[in-house]
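# what shape does this take:
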Amino acid sequence: MARVLISPSYGSVATRRHWADTVDRRIAFTEPSYDGLLTPDQRTWLRELHPEGTARFWGATPTHDKKFADVRSGDVVLFTGRNQVRAIAEVGAIFRNGALADVLWPPETGEPSWHTVYSLLDLVEAEIPYAELNASIGYRPAHNFPGQMVLRGDKARSVLEDFMITSSVDWDAAVSSTDPRPAGDESAGDDAEEDEVAGDEVAWDDADSARGADGRDPVRVAAAEMMRTHRTQYQRMRRMVVVDRREALLVKEYRDHVLAPGEDAERFYCTSGISDLYIQGPEGAEVIEAKSSAGHQHVRQALGQLLDYAPHSPSPAQRLAGLFPEAPRPQDIALLHRYGIDCIHREAPTRFRRLPAPRERRELMRGVWSSGREALVE
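Residues are numbered from 1 along each chain as shown. Predicted coordinates for the structure are as follows:
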């Protein structure tokens, strides 16, 4: 599982200037003033990850060398400032190069130079209050993250799950294995440590590479998660996935107040994407897709995603359902019912109403939902 770096980025005038210089704008690292300071391996790595020749950069002082010793490409960075996580990114190339760091971030008089340099593969704006991040990690509510941290094991897992961040590391692990173990089984557990020092589509480059070694479609099950960032859309930025906050809060509310005893709420990863809810209950498996709006376009998106995910369901789906914050228009409910898909909508806080598709229609459409499933799982 990916590690999670927590990096202050707004606390001082110098830090804000560094952010403006190398995160708000991309650095053309192929220019002689930068390129001449890179080792051959560093140059090759950067060009492989950023073939356009530009990248955003961040780093750390030598004080943090120990905690950064095992940080690698694909780990997740939460940039903090002004009492919130302000952005989420992935680590790209990471190396030590004091000369390059001094050009990227000229040191202030009397202040230490930066020493570790890492590029950012993705950058997604976020607004996660410290109180929510503290709750996820298990810290006191008033903790204000005064310095760099690296979370590992259970604490990293908690952050990634609570805020529904799928790193490239975990995405690759999910689709390269046909073993549907809960996400995170392969990483460190309670003995993992953290350190602090004050101061909606999925694109595959190669369809064959997204399949398991035996040619079967890889499906991986993960615990259902909630996300608290203020995103306005489901984003797919290269290989990191961050989910709409409103959809995630809807999923959380439904999961916490509607699921019956004995029903397990999970998610599953597959080559088509990541489900919002996968529920195993007495009546079999149900796949649910949540949307932040009940408008026509959102209903159509839910319909398309459910039909896309259904053949990949770990167990054959007995029900498909769209989950909405309010009731869609009657014609949009009818559209879902035409494909045997239930409509679930929020009526009041903690109260939801299910408008089931006609039973005969659902039974007729189950064959369509699972069409091609045998080729995927055999």
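# give me the nearest residue to Asp41, chain neighbours excluded.
Leaving out its chain neighbours, the residue that sits closest to Asp41 by CB to CB, 6 or more residues apart in numbering is Phe95, at 7.9 Å. C-beta coordinates here come from the backbone N, C-alpha and C atoms, glycine included.
# show me the contacts for the one you found.
39, 41-42, 45, 116-118 (CB atoms under 8 Å, 6 or more residues apart in numbering).
# same thing but 10 Å
38-39, 41-42, 45-46, 59, 116-119 (CB atoms under 10 Å, 6 or more residues apart in numbering).
# tell me the bridge partners for it.
Val117 (DSSP bridges).
# equivalent analysis for Gln84, please.
According to DSSP bridges, beta-bridge pairing links Gln84 with Gly81, Pro129.
# adjust the sequence numbering to begin at 305 for everything that follows.
Yep, numbering from 305; the last one is Gln388 now.
# burial count for it?
20 (other CB atoms under 10 Å).
# the one 10 residues further on too?
Other residues near Ile398 come to 19 when the count uses other CB under 10 Å.
# same check, this time on Glu651
The burial count for Glu651: 10, using other CB under 10 Å.
# give me the element it is part of.
strand 646-652 (DSSP states H and E).
# helices or strands next to that strand in the packing?
Using 3 or more CB pairs under 10 Å, 6 or more residues apart in numbering; DSSP states H and E, the elements in contact with strand 646-652 are helix 549-561, strand 588-594, helix 600-613, strand 621-628, helix 634-642, strand 655-659.
# if we can go back for a sec, are any of the contacts of Phe399 buried, and which?
342, 346, 349-350, 363, 420-423 (16 or more other CB atoms under 10 Å).
# with pLDDT and distance to Leu464 added, can I get the residues you listed in a markdown table?
Formatted as a markdown table, those follow (pLDDT from 0 to 100; distance: CB to CB, whole Å):
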| residue | pLDDT | distance to Leu464 |
| --- | --- | --- |
| Leu342 | 98 | 31 |
| Gln346 | 97 | 28 |
| Trp349 | 96 | 24 |
| Leu350 | 97 | 26 |
| Gly363 | 96 | 23 |
| Thr420 | 96 | 22 |
| Val421 | 97 | 24 |
| Tyr422 | 98 | 18 |
| Ser423 | 97 | 21 |
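# so which of those residues comes closest to Lys371?
Minimum distance to Lys371 across those is 10.0 Å, recorded for Thr420 (CB to CB).
# follow-up on the earlier one: mind picking the two most distant members of the contacts of Phe399?
Asp345 and Gly363 (17.5 Å).
# what's around the residue nearest to Gly644 when sequence neighbours are not counted, how many residues?
Leaving aside its chain neighbours, Gly644 sits nearest to Met669 (3.2 Å; criterion: CB to CB, 6+ apart). By other CB under 10 Å, the residues close to Met669 number 19.
# contacts only, for Met669.
With CB under 10 Å, 6+ apart, Met669 has these contacts: 611, 614, 624, 641-645, 661.
# now tabulate these in CSV and tack on distance to Ala324, pLDDT and neighbour count.
Output for the contacts of Met669, formatted as CSV (distance: CB to CB, whole Å; pLDDT from 0 to 100; neighbours: other CB atoms under 10 Å):
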residue, distance to Ala324, pLDDT, neighbour count
Leu611, 45, 95, 18
Ala614, 46, 94, 24
Leu624, 47, 98, 28
His641, 52, 98, 18
Arg642, 52, 97, 13
Tyr643, 49, 97, 17
Gly644, 53, 97, 23
Ile645, 48, 98, 28
Ala661, 53, 98, 23
